Each structure stands twice: as structure tokens, then as C-alpha cells.
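Engineer: from the sequence below, what's the structure:
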Amino acid sequence: RHQPRRQPRRQPARQPGVSCAGTARRTFAPSLRAMSSFGENATYRPHKNVFLSGNFAPLPAESGVHESLPLARGEIPADLRGEFVRNGPNPQFIPQGHYHWFDGDGMLHGVRLFEGGKVTYVNRFVRTKRFEAEQHAGKEVFLKLGALLQPGFAPALSIMWEKMKRMFGFIPKIRQLESGTANTSVVWQGNRLLALVESALPFHVRILADGDFESQGFLTYKGDAGRVPVSAHAKPRSGRLYNIAYQLDRQPYGAFTVIGTDGDTAEAFLDLQLSKPVMMHDFGLADRWAVCCDLPLVFDPMAASRRGDIPIFFDRERRSSFGVFRCEPGAATDSTTDVQWFDDDPCFMFHVAATWAETESGDESTCLDTDDVIVLVGCRFAEFSLSLKSLAEPSEKPQLWEWRFDRRSGKVESRPLLTEDFCEFPRVNPHVDGRRPRYIYASTTRGDGVCFGGLVKYDVQQRCAVASVQLPENLECGEWVFVAREGAVDEDDGYLLTFVYDNKNDTSSFYVCSAKNPSADPLAEVTLPHRIPLGFHGVWVRESELGEQQSS
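Structural biologist: Numbers count the residues shown, from 1 in each chain. From the prediction side, this is the model:
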């Protein structure tokens, strides 16, 4: 099911409280020499590229397992036992050319909470084929997104040059679906931790008993599902993995797949018949329905060259289209007549918060016969540039937004849910995935760039924010991951987990906050051994799930 990758030698036995940073440095000597200008001990220097400066700056090495971390305040809740894993980009070499935040190699950061209150931390690169090829070469080898996000004909020339180098053997030949960085998100599916990026297949990483990570390899799928990538936001549901994939350079430009409970067989494959290649980072998934988001962030290098734009650009003349279709494995077919399309004003959206079905009267629907309206909530940009250079503009600030697709009339209604808070990285209690949630939690933006300085808790029933938390100016957060309390009855009875960066002291902490009362002081704050760069998405894996983990 996967192709195992050769692993570095396991570290020797450690004394409690002792880091394995020395071992990591021996393993990654070439990378460390290249990264030395960022300094030792995870410090960094300002850089002209914003994605290599501040808390975007990569760490210079893996840290190994740090044991018995100190609590700065509070106590770890007794029922919170398992591992918090967050993914994010971290180039192993200082980029020599154009670099984008999305380019870095995948690096997993893990905080393990043991019985008795012991806390450990570790970070490891996801050892993909791409990572190992560049490590063997001792330098950057592959074309980066940053090189493609330049105006004019430079991207086309970069692509041609890359193909020539591959043709003459200057670049290792790696199957396209196994050439990804696995740097965007992590999901727990089929008793395996999967690291995802939307251009490749899932990469299996095993969590070890001490909280460390061990790369296993890319998964492979039988049938049609094996010829398209898996979205960074593929959704585990009832033992299956639901996915809407997109491809920029080949057909199908968009496809819906369902991987069965056996973990390697496609139970459904639907070619969405998109007319143009577009970026589709996320999709909606209700209990019986899926929503494809065909938004006008298009890939058209020739048109971009003529207009002096980057090849993946926001086309203001193109409408947003949302395709609604049945998502059960037996209902998703190859017939495009099964997809009902709804058009709305042009916009872009990275992340969907929730999707559910309602009756005509507005009640939550419980069966197919009354699924009259499909509701999707996500973080909407009125305009968007993938260069991320225009986020100071109000039109490029993400708002929590609702779309209502009436299946009977064929009409769509859309409106903002929050006007005072700009927010991203929305999460809900995973126990209500596919149904109407009571609460949505999202990170609120701060300033003009990519910076998150707080949290908003939105009440879907009351249609208002019931909590809005702003951290002190020196603190920056990431995505807040919801973990339900054991034995919880109320939907918001649980915890919110995230990494928090102190830009004044260049340090990071791990926060555990109350989801019921996020405005209160953290329930626990763990001091981490070094700063954690701003990354993307995380997942919580319970101790009981770790005990059932697959070895392959």
C-alpha cells in the first residue's frame, strides 16, 4: 500500500529531559551547512523575502524528542492523553531563488501528552522522495511555486528548463503523484497518520511510543483513484477517505474520489468535467452531499503572460461555480448530469468550515427526501492573489461566509456571517462533521500580512460571535484544533489546541484552552524548547487511537 522509505538510524537511549538535537545534526549535516545563515538553536535573521523572515523563517534542523517539558501555567486536563501533530513548510536548504510560503518541505511538530502529566515535543521532516533526492544532492533541485509566481514569460521558461533537466537526467525522475512535499495538513484515517499536500498522494507517517515520527512512504490506490492526487483537505468519514482532487496540467482538472474502508480501493470516482484548471484547496462534505468549489483562481500561463500577470491568477470576469452532488459511494457516478451547478459572484476560498443539509423550512434535514437546501460555510475572499502580497487590501481579507444552495429552485443565496472579524483556519467539533454545527472556531487575522492574533467562536444558531479573543500584541497563534472532552454532552465541551509564538522573545508555547470559555486564561501553557514557525493544519490523535495504529 505504500513504498517504505529508508529511515535514519534511531537515536540512542536518552536520559529524561535531554534533547537529541546532536543526533539530528549529524543526520542532516548537508542541510545544516546550507541553513547556517539562519543561525543555531532555531534563531533566524531578517530576510528580504517575507516568507523567510520573522516566524515564517524555517528551523535549521530537526530537534529530536525533548522530554519532560515545563508547564508555564495551569495543568494539562486529565483526559487529554495523546499527541497533537501540526504540519507546515520548512525548506531543508536556504532557497536560492524565488520562494513562496507553500514551497517548503513538510515538517511535523508533535506535542505528546502522557499519563501523569509528562509532556514531550519533537519535530521531524517528512522524508518524501523529493526531500531525500535534494538531501542526497546537497542542494535545491526541484522547481518551486515561488518561481512560477512571477509575471511575464519567466514561469514558462522555468517549466521548460525543468523539463529539459529532467530529460537529460539532471533531476531525478519521480512519479508526479509522489513528488509532493507533504507539507500542508495531517489527518488520521484507517489507523494511520497521513501527511497531505494537494499535488500528491498521502504520505504515511508512524507515531512512535515516545512521540517521535517515522516516515513510511506514499500510499498507492487501485483503479482510477490512483491517477489523481489527494486534496490537502481530504476528509476521513466512517472509515473512508473522501477527496476532491484538482490538477493544473492534465485532465481531469477536478475529480471526486472515495477510498474505501480497506484503505486502498476506490469506491467512487467522478470526473467533475471542469472547463479550466483552477485551484481547489478545499470542498464541502455533508452526510449525503458534496460541494465542489470551482472558483476563479485559474491556471492559464499564456493568458497570464499576455497580461503581465502570474500564471495562477484571479479572473474577475469569471463567476464562482459550486457543484452539488450525492457523495455516497454508490451514488457518485461518471455521469456529470448528477452534478447540479450554482453560480455566484467571483470569490476565492481556502477553507470550508462546515457543510450540511436543511429542509425547506430551515430545519436540519435527517434524510435524503428532505435535503432541500445544502448549506456551506467557509472563509471567503472577495479577491485573491496567490502571491499573498495584497493581504492589506480589505477585499483580500477573509470573512466567514454562508452559501445556501436550493436544490429545488436552482438558486443560491450568499451572505457574510461576520463583518467585524476577519478570520481563517475554521474548525468545528469533529463529532458534528457533515451536520449543522452549533459552533465554529476560527483564527482571527491581525495587521496587513499573514498574521493571526486571536480566536473567534461563532454561534450558528444565534448567528453571531459569542466570543472574540485578542492575544497581546507580541503573541501570534495558528489554527485552533478542537478536541472533545471525554464524556462530553455539549458540543463545545472540549479543548482548543494551538502553538503560540512570542515575537518579542522569539519563543513558542503550546496552549490548551477551554472551548466553552475561550476568553478565559489558558487551562495549560507548555514552554517549548524553541520557536515553532507559522504553519498550516493540525490533528489530535488520542492515546487509544495510537494503540491501534497500523505499522504499514
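
Engineer: distance between the ends of stretch 62-70?
Structural biologist: Criterion C-alpha to C-alpha, to the nearest Å; first-to-last residue distance in stretch 62-70 is 20 Å.

Engineer: buried set for it?
Structural biologist: By 16 or more other C-beta atoms under 10 Å, the buried positions in stretch 62-70 come out as 62-67, 69. C-beta here means a position set from N, CA and C on the backbone, and glycine is covered the same way.

Engineer: look up phi and psi at the closest residue to L386 other than its chain neighbours.
Structural biologist: What sits nearest to L386 in space, not counting adjacent residues and going by C-beta to C-beta, 6 or more residues apart in numbering, is I312, at 5.1 Å. The phi/psi pair for I312 (degrees, to the nearest 10) reads phi -110, psi 100.

Engineer: same question for P58.
Structural biologist: Per-residue torsions, P58: phi -70, psi 160 (degrees, to the nearest 10).

Engineer: not counting residues beside it along the chain, what's closest to it?
Structural biologist: N90 (4.3 Å).

Engineer: one more: K165?
Structural biologist: Distance criterion C-beta to C-beta, 6+ apart; nearest residue to K165, sequence neighbours excluded, is I171 at 4.7 Å.

Engineer: ok, now S321?
Structural biologist: In space, S321 comes closest to D294 once its chain neighbours are excluded; the distance is 4.1 Å by C-beta to C-beta, 6+ apart.

Engineer: from what I see, the one you found and R318 are in contact.
Structural biologist: No - using C-beta atoms under 8 Å, D294 is not in contact with R318; the gap is 9.3 Å.

Engineer: who has more neighbours, those two?
Structural biologist: Under the neighbour definition other C-beta atoms under 10 Å, D294 and R318 were set side by side, and D294 has more, 22 against 16.

Engineer: now the more buried one: how far from R319?
Structural biologist: D294 sits 9 Å away from R319, going by C-beta to C-beta, to the nearest Å.

Engineer: touching, the residue nearest to P58 and M107? I think so.
Structural biologist: Yes - N90 lies in contact with M107 (C-beta under 8 Å); the separation is 3.7 Å.

Engineer: identify the contacts common to those two.
Structural biologist: Counting by C-beta atoms under 8 Å, 6 or more residues apart in numbering, the shared contacts of N90 and M107 are 58-59, 125, 183.

Engineer: please name the residues that touch the residue nearest to P58.
Structural biologist: Taking C-beta under 8 Å, 6+ apart, one finds 58-59, 104-107, 125, 183, 533 in contact with N90.

Engineer: could those residues go into CSV alongside distance to C464, pLDDT and neighbour count?
Structural biologist: CSV is the format used below for these (distance: C-beta to C-beta, whole Å; pLDDT from 0 to 100; neighbours: other C-beta atoms under 10 Å):
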residue, distance to C464, pLDDT, neighbour count
P58, 39, 94, 24
L59, 40, 95, 22
G104, 38, 94, 24
D105, 41, 96, 23
G106, 38, 98, 30
M107, 38, 98, 28
F125, 43, 98, 27
N183, 36, 98, 29
P533, 34, 96, 25
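
Engineer: closest to G152 among those residues?
Structural biologist: When these are compared for distance to G152 (C-beta to C-beta), G104 wins out at 25.2 Å.

Engineer: any idea how far that closest one lies from A133?
Structural biologist: G104 is 15 Å from A133, where distance means C-beta to C-beta.

Engineer: just to be sure, W161 is in a strand?
Structural biologist: No - counting by DSSP: H, G, I helix; E, B strand; the rest coil, W161 is not part of a strand but helix.

Engineer: which parts of the stretch 1-150 of the chain are strands?
Structural biologist: Using DSSP state E, counting those that start in this stretch, the strands of the stretch 1-150 of the chain run over 71-74, 82-89, 106-113, 119-125.

Engineer: would TSV of those with distance to P229 be doable?
Structural biologist: Formatted as TSV, the strands of the stretch 1-150 of the chain follow (distance: least, C-beta to C-beta, whole Å):
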stretch	distance to P229
strand 71-74	40
strand 82-89	16
strand 106-113	15
strand 119-125	20
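
Engineer: most tightly packed of those strands?
Structural biologist: For the strands of the stretch 1-150 of the chain, the largest average neighbour count (mean count of other C-beta atoms under 10 Å) is found in strand 106-113, namely a mean of 26.

Engineer: distance between that one and the chain's centre?
Structural biologist: Chain-centre distance of strand 106-113: 14 Å, with C-alpha atoms, centre = their mean, to the nearest Å.

Engineer: orientation of it relative to strand 82-89 in degrees?
Structural biologist: Strand 106-113 and strand 82-89 are oriented at 160 degrees to each other (axes from the mean of the first three to the mean of the last three C-alpha atoms, to 10 degrees).

Engineer: strand partners (parallel or antiparallel) of strand 106-113?
Structural biologist: strand 82-89 (antiparallel), strand 119-125 (antiparallel) (DSSP bridges).

Engineer: most centrally placed residue in the chain?
Structural biologist: The residue lying closest to the centre of the chain (C-alpha atoms, centre = their mean) is S185, at 3.4 Å.

Engineer: state the distance from the residue lying closest to that one once chain neighbours are set aside to A268.
Structural biologist: Distance criterion C-beta to C-beta, 6+ apart; nearest residue to S185, sequence neighbours excluded, is H537 at 3.7 Å. Counting by C-beta to C-beta, the gap from H537 to A268 is 24 Å.

Engineer: okay, those two: which has more neighbours?
Structural biologist: Counted by other C-beta under 10 Å, H537 and A268 do not tie: A268 has more neighbours, with 24 against 21.

Engineer: is it fair to say the more buried one lies in a strand?
Structural biologist: Yes - counting by three-state DSSP, A268 is part of a strand.

Engineer: in terms of contact, does it touch A255 like I think?
Structural biologist: No - using C-beta under 8 Å, A268 makes no contact with A255, being 10.0 Å away.

Engineer: of the strands paired with strand 106-113, which is nearest P472?
Structural biologist: Among those, the nearest to P472 by C-beta to C-beta is strand 82-89 (21.8 Å).

Engineer: can you give me the helices in this protein?
Structural biologist: With DSSP state H, the ranges of helices along the chain come out as 21-27, 29-35, 129-137, 145-148, 154-167, 301-307, 543-546.

Engineer: would you mark the buried spots in stretch 373-389?
Structural biologist: Here stretch 373-389 shows 373-388 as buried, counting by 16+ other C-beta under 10 Å.

Engineer: pLDDT of it, averaged?
Structural biologist: The average of the pLDDT scores along stretch 373-389 is 92.

Engineer: roughly how far out does the longest strand along the chain sit from the chain middle?
Structural biologist: Using DSSP state E, we find that the single longest strand of the chain is strand 348-358. In this view, strand 348-358 has its centroid 15 Å away from the chain centroid, taken as C-alpha atoms, centre = their mean.

Engineer: check the shared contacts of N90 and M107 and tell me the two furthest apart.
Structural biologist: Greatest spatial distance among these (C-beta to C-beta): L59 and N183, at 13.4 Å.

Engineer: between these two, what contacts are shared?
Structural biologist: 90, 107.

Engineer: please enumerate the strands of the stretch 401-550 of the chain.
Structural biologist: Under DSSP E, counting those that start in this stretch, the stretch 401-550 of the chain gives strands at 412-416, 423-427, 439-445, 452-459, 464-470, 475-477, 481-484, 494-502, 507-514, 524-527, 538-542.
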